[in-house]
Structures are given as structure tokens and as C-alpha cells.
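> give me coordinates for this.
(2 chains)
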2 protein chains.
Amino acid sequence: MTLHTICRLLVTTTLFFSVAPAKAQPPRGPLVISPQVNADKSVTFCYLAPKAREVKLSGQFIKAPVSMLKDTAGIWQVTTAPIPPDIYPYSFIVDGVNVMDPANVAFFPNERFKASLVDIPGDTPLVHSLQNVPHGAVSYTYYPSLSGTTGSLVVYTPPGYDNDTNIKYPVFYLISGTTDTEETWYKVGKTNFILDNLIAAGKAKPMIVVMPYGNLEARVAEQKGGIKPGDPSSREGADALMRAKNFDNDLLKYVIPYVDANYRTIPSRNSRAVGGFSRGGGQTLRAAFGHMDSFAWVCCYSAYLSTQEMERSYPFIYEKADNTNKQFKLLWVSVGTDDFLYKPTVEFLDFLKAKQVNYKSLITDGGHTWMNTRKYLAATVQLLFQ
Amino acid sequence: MTLHTICRLLVTTTLFFSVAPAKAQPPRGPLVISPQVNADKSVTFCYLAPKAREVKLSGQFIKAPVSMLKDTAGIWQVTTAPIPPDIYPYSFIVDGVNVMDPANVAFFPNERFKASLVDIPGDTPLVHSLQNVPHGAVSYTYYPSLSGTTGSLVVYTPPGYDNDTNIKYPVFYLISGTTDTEETWYKVGKTNFILDNLIAAGKAKPMIVVMPYGNLEARVAEQKGGIKPGDPSSREGADALMRAKNFDNDLLKYVIPYVDANYRTIPSRNSRAVGGFSRGGGQTLRAAFGHMDSFAWVCCYSAYLSTQEMERSYPFIYEKADNTNKQFKLLWVSVGTDDFLYKPTVEFLDFLKAKQVNYKSLITDGGHTWMNTRKYLAATVQLLFQ
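Model prediction:
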């Protein structure tokens, strides 16, 4: 196979280019096809940069960036070893600068970094893949939020939601991690396809999934014309706890009432779950422990609360473990052994165990990644509302 | 104002980073705030790249890229002159490489280039801005499409759509341009906010807007495991016309029936509009002229059909001008004087005029840009279904 058949280099003379700023259409470069998943599940990545001195591929399927080679047309290329089927973030490092793959529309919504996504399909379809089953819809909707701002929610409604308007649904509030946006659970987490596939297989109950934006302060600052706040000084510093409290307020006082008023929900604790990844996992535990009357199902992915915070804020959770065990139909905590939060998460589980607070846990391989996060989502939605 | 107060450089020790691949969380760089719109509507752009040799700002608010200056922390910065309020695409050119702004989540969905978006607010809110009015929702939905593939639609439903399920709505099918995706009318075109604001002001009828993906062949290839097709050899070559025909088939035989079956539409020509930008404008004219029984309202932005194509495919449009004028409640064509398609578009209008085919036109300043496209959308939705 020659380089050109792989990279599909086509010098074109196309007339239509939608952001041409001036009278003459600017010349458009050759069409580069990237990434291209090969039959053996190796992947060929291509990047056009005739003037670059060095281009590397960085991705969560390799341990360290690998060099790419330039052809005479100025296209850098590398073909990987076969990659285990999954969806991975990757980027190119062009003379030290991290860039998305310009030929790929699949991207990772994030406040701080820009990455593209490559999807290696399984020999049989993976649970997050687009399959020939009935599909739910994903809506971007706007709600009146804290401080007079307008918040944005991404909402999954299950297949058939619009067909029978007599049916009401349980709701899963699902929060993404630090630097993620309200789009990340949809675009990277593939919440919609995971639910579509599990509902079609009869393994998950039809449910509404509401995905809020975890960084309330950034949005408030943006809409009020202020400066976007930096990262909190530490995970349990006063600023971090104040932000956690603001998020909690927004979720309970604005998001849930808006969703119950605008979607056909079953508005009771037994039909309401909360879950999240990373910072969203912390927000999940705080929302659930602080509002046992609001949530009966709790899914914490790759996160924990410290013993100190449990003792300070939620002693009733373990002092009245019998009640906690009765109230929560599910208290789930999962983490990967390579996760940088593995140790404190295991300590959190040990704490719960010592206090006889029931939980379900799943310890997997891998790190603090969305490959694991999707796995945890697929496992937990099969337990919710059953 | 010092550089640091502008760029908001904060060296952080945050613990949570959602794509950390390994056990240890990788160090996260300083938080860079970019872009920052200043009180005088100048904009400060910042980009962290300590090792870069040259960084320039490229944007549709400047005629040519401008150089940025690096501070001791490795942050490149430039402050522009005041910019007329609007939303503009921009990118950084880092040692010759075009990159999105990593600090900005607002992006331009596109198959071929990566650009960020900067929003310069007006002194009074612009028609595309988020305002305190009732909001519609934007749904990503999936439909059975040509060749056994699954297509994706972005669908705007107006405020109150879910509240009164007895109301049926007219539908505007709105197609984006070459290299755009089905997200571009939403993320760049701000279709939802334009409609929200004009509906709230009583200037537009509540309507459903359906935004399909214009590059059918790319999706079919992706789902069938084939190679994504290159650009057509010319605007009216056999391959371009075959693709136009496929799109037309998909729109009429799959998209419209799906929308009519799954949304509360008024399924008749008098309540159905079609519009589009650039390639989508050509697709619009072909859909409308080829299916007069399906559309009564036609909005062509920055596009045209050649005299040759009119004579070959649509002679009845001008040979029976009286009938055409009776059938189309609106035939709209708009273009900017700096658009590289200005001349052929004016020739198209002259052709229609000579044949006494009625149309409305709007000739504006500016080029083949989404600044103009939003303007045309805001003008036309006030005419639709009235």
C-alpha cells in the first residue's frame, strides 16, 4: 500500500469554502484522510504540514508520543500497532505544539486542551457504538440558573419519548469532570449510544439522562463579564468547597426543578439517580449525602470523599449506616488501578466498609480515562431503577 | 494593565485532570484566559507556547495575520483594535501551524479546518446573542438514511414545544456549506438564539428548524468502511451532480418523512421551507426547483445555479414563470459584494429577472462568511410562513 492510497492525497480545485474572508476563495490544501482504521485495527494517522520540522502522534493508546514521517507532499504519517477496540483521545505534537487532527470532526470538548477522537470498532459492536436500534435524542436546552445566569444542559431522552406522551421516566443526573464541558458525556462518553443499545437489549430501563456543566463559576463569570476563575488551590480548600456548594445549590434549586417542569419525569427520589466522573464524582457524593431525600441511586466514577470531609460534613451517613443502607438503592464507586486517585478511592471504600455502609464497587485496569468512564457508565445504568 | 492581569496566568496544582493516562496526574500548565473582550471591544488573545519561535493571530476581523508577542512566562499575546460586534472565526498560527485556541471552548465544527470563535457583544444585544427570553431546544437525533446508513440531524424546536402537544409547526430545512457539518448552523450560525429572539419579539413564527449534514457521501463511506470521497472535480462535474442528487434523495425520501413522523409538523408544502449556505444554497435551489410540490419557501444564501443548469434541469421554472411565482411564497437570494460567488450570483438574479421570475434579494457588504450567513438567516426567518 503506497502512502498516497493510505492518506488519500487529492489536490483539488473546489470552489466552495465556507469561511473565505475575501473576494477570491483562498486555495484549499489537499484532502487528507485521517485517522484511518485498518483491517487489523492498526490506525494510520496523517497530518499535512510541509514546513514542520518534527511531528509526533500522542494518544491514550500509546505510552509515549511516537514520531511521524513526512512524504514529498508534506504529509506526516504513522501507522500504529493494532489497538484494542475503544474510543481514544489523541493529538499531534507539531514542533512541540499540541493540535487536533484537522481532518477529523470527532473532538473532545474541554476547557483546557484540544484533542481528537479515534474510534476503533470491535469485531462485534461495542456497547458505545452506533447500532441499528431505536435511537433516543440528545437535546441542548437552557435553564434559568444561579445568579440570574442562563445555564446549559445536555439531555438524553430515550427512544419513543415523543411517541407516547403518557409515559413518565426516571432521571439520571450525570456530571462530567474538571475541564470537561456539558458536552463531554455526550461527545466522548457516548451516553446516548450506550443507553440506546442497553435499552434495546432490555438491560437498562428507559430513562432521561441530564448532563449539566460542572464549572458553574466559569459560566457565571462569562455571563457577568467577569474573569474566569482559576483552578481551586487544592481539592478541599475553601474555594473548592464553596464551588462545590454552589454547584449543589444550582443542581437542587435550578436544574432539577427545571427538568421536572419541562420533561416527563417521575419526580421522586426513588426515580432519581446522580452520577459523575472525577470532580463530578465528588459532586455526586456531596449531592447524594447532602440530599438523601432527593436521590436514591448514586454512581461515583474515579472519585472519593476524604475521611476528613465525611467526618466534618456527613457523619450521619456512617453513624446511621442502617438508614443509609435502606435509603440508597445503589451506592456505586469504581476506579482503575492506574488512576492517580486509586489510593484515596480505595481508602474511601475501606472507610465505608469499616462503618458497614453498603456499596458496590468495580475496580478495573486503566487510569483516569474516558475509556474507563464509559465502562462504568455501561455497568451502572444496568442497575439503575431496577 | 499588566500582561498577567490580562492573561490571568495562574500556576496551579490542581488534582483533577480528566484524561490523565497514567498513575500520576500529568502536570497541568498555567491557566490562560483567552479570548478576553475588553470594554472598548478590542480583544486580547493569549496563547501559551514557551518554545514557539513565532505566533500570529489569524481571524476574520483582520485583513492579514498579526504577530503576537511572548512574555517571560511563554505566553504570546496581542490586543486588537476595537472590533465591530459579531461572532468571528479565528485561529493561531504557531510556527506556520494553524491551531484552535486551547483556552476557548467555542469552536467552528468543520471537516477540514479547526477554528475557534470570538463573540464581540453589541451595546444592545445582537439578534444572535443569548438573551433573557424563552428558549427552544436543540436536539441531535438519528434517522434511517440512504444506503442503510444512520444519519444525524440537528433539530431546533421552539420555546413551549413540549408544553402544548396539540400545536403543530411549520418546518425550515436548513443546510450548511461545504466542509461544514450538521452542527455548524447551531454552533456558528446560532440558529437557536436567532429564532428564540425573533419569536420572542413577535417577528418570526414559531417553527421547527432541521439542520442536516450536507456531505452525505462522507457519512456513507464512514459507516460502510469505505474511503471518504475527495472534493468533486468541479462545481458542475458529473460527480458533483451525482452527490447533489443523492443529497436530494435523502432529504426528500428519508429526512422529511422522518421529521414528519417524529415531530409535530404541518406536513404540507405551504408550511415547509428549505434554505442553505454555499453548497447548501445550491442544494436548496435544486430541492426547491426539483420538488415544487414539497417546498413553498426558498432561501438561498451565497449561492446560485448556472444558466446552463437552469436550462438543462429546470426550464419549467422560467418557461412557466407565472406558475413559479404562484407556487413560491418566497424565493430569496442573498450574497455579499466581497463574496467570491458574487458575480455568478448576480448573473443568476439577472437571469431570473429577465425571465420574470419573482425573487427577493439582499446584497450586503462582506464575503462568503458566517457573519453574513447569520444576517441572512435573521432576515429570512422573519418572512417565512407569514
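> burial check on A:Ala261, number of neighbours?
12 (other CB atoms under 10 Å in any protein chain shown). C-beta coordinates here come from the backbone N, C-alpha and C atoms, glycine included.
> if we ignore the residues flanking it in sequence, what's nearest A:Thr181?
A:Pro109 (4.6 Å; CB to CB, 6 or more residues apart in numbering or on different chains).
> how near is the one you found to A:Ser116?
12 Å (CB to CB, to the nearest Å).
> which residue of those two possesses the greater neighbour count?
A:Ser116 (24 against 20).
> wait, doesn't that one sit right on A:Asp101?
Yes: using CB atoms under 8 Å, A:Ser116 makes contact with A:Asp101 at a distance of 4.1 Å.
> please enumerate the shared neighbours of the two.
A:Pro35, A:Tyr90, A:Ser91 (CB atoms under 8 Å, 6 or more residues apart in numbering or on different chains).
> write a ChimeraX command that selects only the buried members of the residues you listed.
To isolate the buried members of the shared contacts of A:Ser116 and A:Asp101 in ChimeraX, using 16 or more other CB atoms under 10 Å in any protein chain shown:
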select /A:35,90,91
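> so which of the shared contacts of A:Ser116 and A:Asp101 belong to strands?
A:Tyr90, A:Ser91 (DSSP state E).
> and chain B, which of the shared contacts of A:Ser116 and A:Asp101 reach it?
Among the shared contacts of A:Ser116 and A:Asp101, no residue lies close to chain B (CB under 8 Å from any CB of the partner chain).
> any regions of chain A where pLDDT drops low?
A:1-29 (pLDDT under 70).
> if we can go back for a sec, quick check, nearest of the shared contacts of A:Ser116 and A:Asp101 to A:Asp196?
Checking the shared contacts of A:Ser116 and A:Asp101 against A:Asp196 with CB to CB, the nearest one is A:Pro35 at 24.4 Å.
> so who does the closest one touch?
A:Val43, A:Thr44, A:Phe45, A:Cys46, A:Tyr90, A:Asp101, A:Asn104, A:Ser116, A:Val118.
> report whether stretch A:238-255 contacts chain B.
No: Stretch A:238-255 lies out of reach of chain B by CB under 8 Å from any CB, never closer than 9.4 Å.
> for that stretch, the distance to its chain's centre please.
From the chain centre to the centre of stretch A:238-255 is a distance of 20 Å (CA atoms, centre = their mean, to the nearest Å).
> name the residues of it that come out as buried.
Buried residues in stretch A:238-255 (16+ other CB under 10 Å): A:Ala240, A:Leu241, A:Arg243, A:Ala244, A:Phe247, A:Asp248, A:Asp250, A:Leu251, A:Tyr254, A:Val255.
> and stretch A:37-49, by the same measure?
A:Val37, A:Lys41, A:Val43, A:Thr44, A:Phe45, A:Cys46, A:Tyr47, A:Leu48, A:Ala49.
> what's in contact with it?
Counting by CB under 8 Å, 6+ apart, A:6-7, A:29-30, A:32-36, A:55, A:57, A:68, A:70, A:73-85, A:90, A:92, A:94, A:101-103, A:118-121, B:96-97 sit against stretch A:37-49.
> now, of the residues you listed, which are buried?
Counted by 16+ other CB under 10 Å, these give A:6-7, A:29-30, A:32-36, A:55, A:57, A:68, A:70, A:75-80, A:83, A:85, A:90, A:92, A:94, A:101-103, A:118-120, B:97 as buried.
> so which of those residues are in strands?
Reading strands off those with DSSP E, I get A:36, A:55, A:57, A:70, A:75-79, A:90, A:92, A:94, A:118-120, B:97.
> from those residues, pick the one nearest B:Thr307.
Among those, and counting by CB to CB, the member closest to B:Thr307 is A:Ile75, at 39.3 Å.
> measure the closest one to chain B for me?
Applying CB to the nearest CB, to the nearest Å, the value for A:Ile75 to chain B is 14 Å.
> wait, isn't that residue in contact with A:Leu31?
No: between A:Ile75 and A:Leu31 there is no contact under CB under 8 Å: 10.7 Å.
> and the furthest pair within the buried residues of stretch A:37-49?
A:Lys41 and A:Ala49 (26.2 Å).
> and A:Ala52, what is it in contact with?
With CB under 8 Å, 6+ apart, A:Ala52 has these contacts: A:Lys70, A:Trp76, A:Val94, A:Asp95, B:Asp95, B:Gly96, B:Val97.
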